[in-house]
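Asker: need a 3D model of the following:
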Amino acid sequence: MIKESETIELIELLKDDVSKEVIAFANTEGGTIYIGIDDQGNTVGVDPIDESYTRLTNMIRDSIVPDVTLFVRYELLAKSIIKITVAEGTAKPYFLRKNGIKPSGVYVRQGASSVPASWEQIRQFIKIADGDAFESARSLQQALTFSDAEAEFRQQQVPFSDDKYVTLGIQDAEKNLFTNLALLLSDQCPHSIKVAVFEDPAMTVFLDRREFSGSVLKQLRDTYAYLMLNNRTRSIITGLDRRDLIDYPPEAIREALLNALIHRDYSFSGSIIISLNQAGMTFVSIGGLLPGLTTNDIKAGISQARNKQLAQVFFRLKHIEAYGTGIRRIFALYYQSGASPEITVTENTFRITLPNMNESYSGSRTETTPPLRLSDISKPAATAQMQAILDYLSQHGTLNDTDIMILLGLKRTRAYQVARRMADWGLIRIQGRGQNKQYTLPQ
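Answerer: All right, here's what the predicted structure looks like:
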């Protein structure tokens, strides 16, 4: 007489629970299911056999994800008994399509019973099947929407549709399941950025605090906008000239924020933390440097992306221009500013602090120090692109937007952004409007 065991399951009547048993065996070490035999081992048979057989095969094919049919074999035995042999699967965890990758959908064999898997078992299944790469592993959440991602891709004129999911890395080509990269880009992204503005140097008295959630693409835009609202402008008047100075170079904020989003370790929960006070702006992200890298390496422009596919998405969307240049660009923006950004790395965190340039300027002045000159202020803000424009103006006197496009090899919008930033920082002057607009060096 057949008895239930760790590898044998007896089912008297065909019902939906069969899928649960198939999943449990496929997620464990395989086993055999007999339909038409009761728990005591008595043969009762299945009637009608042909209809039941068809219903059974359709049920297992349609209700279990990933496709488990390669590991399932059916036999019709005497006395209208159906034998199902299930081999251990290679794409664990298998789960009920209607319930998803969670304990109510994932089952394992425990003794003579099929029981819900624990969250830790599910994570281990995914890690073994998909490897350690967080981005490409299957997302525990599959009910994902992408309204913010679609808007961002559309704004940047980059295709984003179902047929692009595999290419972008947000869907697994073999299993047609969303990856963790999809989770990060989705409206349901569980990670966030927390920003706190403090009144005091010790960062104990709050002026304001915000948390930004949703797709990492939405977090990027929302957080940057908020940081810029807190990026104050101060004025220096020399004679008849007024010079507006911003606390932090906008490009430095942008690069520090992108670095935190792209390089953080998303396998850990917790938020990116950004703190501001009068002295500086600090970005703290989870995950230290990858093995083999040092702080000096990243300052020199050596980059090893922890989230390569996420970095590629940001590259496609033109948020980053090249790997490894962000940190170097930040330090270049602070060249000769009186203070330099600080990087602190621990085993599990990466911290970069942007000094308040206006505080640095005022803090470096003494009673015997002459007033800050406009020419002194303009030098630290010059990037390589800006310096090329300054060199051109030194030789030719004037240039226009078309000249900048040709000189730097940029499209019109990007050329305008570079020129606008230089004008804001006082590196160049704008004369005229429209087709008559020209740029010159400040007098």
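
Asker: list phi and psi for residue 277.
Answerer: Main-chain torsions, residue 277, degrees, to the nearest 10: phi -140, psi -170.

Asker: who's in contact with it?
Answerer: Residues counted as contacts of residue 277 (Cβ atoms under 8 Å, 6 or more residues apart in numbering) are 197, 198, 199, 200, 201, 203. For every residue, glycine as well, the C-beta is placed using N, CA and C.

Asker: can I get those residues in TSV with secondary structure and pLDDT?
Answerer: Shown next, in TSV, are the contacts of residue 277 (DSSP: H, G, I helix; E, B strand; the rest coil; pLDDT from 0 to 100):
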residue	secondary structure	pLDDT
197	strand	94
198	strand	93
199	coil	88
200	coil	85
201	coil	83
203	coil	84
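
Asker: farthest pair in those?
Answerer: 197 and 201 (13.2 Å; Cβ to Cβ).

Asker: more neighbours: these two, which one.
Answerer: The residue with the greater number of neighbours, taking residue 197 and residue 201 and applying other Cβ atoms under 10 Å, is residue 197; the counts read 19 against 10.

Asker: OK, contacts around the more buried one?
Answerer: Contact criterion Cβ under 8 Å, 6+ apart gives 206, 207, 208, 209, 230, 276, 277 as the residues in contact with residue 197.

Asker: confirm residue 251 sits in a helix?
Answerer: Yes. Judged by DSSP: H, G, I helix; E, B strand; the rest coil, residue 251 forms part of a helix.

Asker: that one - nearest residue in space that isn't next to it in sequence?
Answerer: Spatial nearest neighbour of residue 251, excluding adjacent residues (Cβ to Cβ, 6 or more residues apart in numbering): residue 333 at 6.1 Å.

Asker: would you confirm that that neighbour contacts residue 246?
Answerer: No. Between residue 333 and residue 246 no contact is recorded; they are 11.2 Å apart, counting by Cβ atoms under 8 Å.

Asker: higher neighbour count, those two?
Answerer: More neighbours sit around residue 333 than around the other of residue 333 and residue 246, counting by other Cβ under 10 Å; the figures are 24 against 18.

Asker: now that one: how far from residue 248?
Answerer: Using Cβ to Cβ, to the nearest Å, residue 333 is found at 9 Å from residue 248.

Asker: same thing with residue 53?
Answerer: Relative to residue 248, and taking Cβ to Cβ, residue 53 is found at 70 Å.

Asker: the two - which one has more neighbours?
Answerer: More neighbours surround residue 248 than the other of residue 53 and residue 248, with 23 against 17 (other Cβ under 10 Å).

Asker: ok, the more buried one - contacts?
Answerer: When contacts are counted by Cβ under 8 Å, 6+ apart, residue 248 is found next to 231, 281, 354, 356, 357.

Asker: tell me, how many residues neighbour the first one?
Answerer: Just to be clear, that refers to residue 231. Here the count is done by other Cβ under 10 Å, and residue 231 has 16 residues near it.

Asker: circling back: which one of the contacts of residue 248 sits closest to residue 256?
Answerer: residue 354 (6.2 Å).

Asker: need the next SSE after the helix or strand bottoming out on mean pLDDT in the chain, C-terminal direction.
Answerer: Of all the helices and strands that make up the chain, the one with the lowest confidence by mean pLDDT, DSSP states H and E is helix 374-378; it has a mean of 36. Downstream of helix 374-378, the first helix or strand assigned by DSSP states H and E is helix 384-396.
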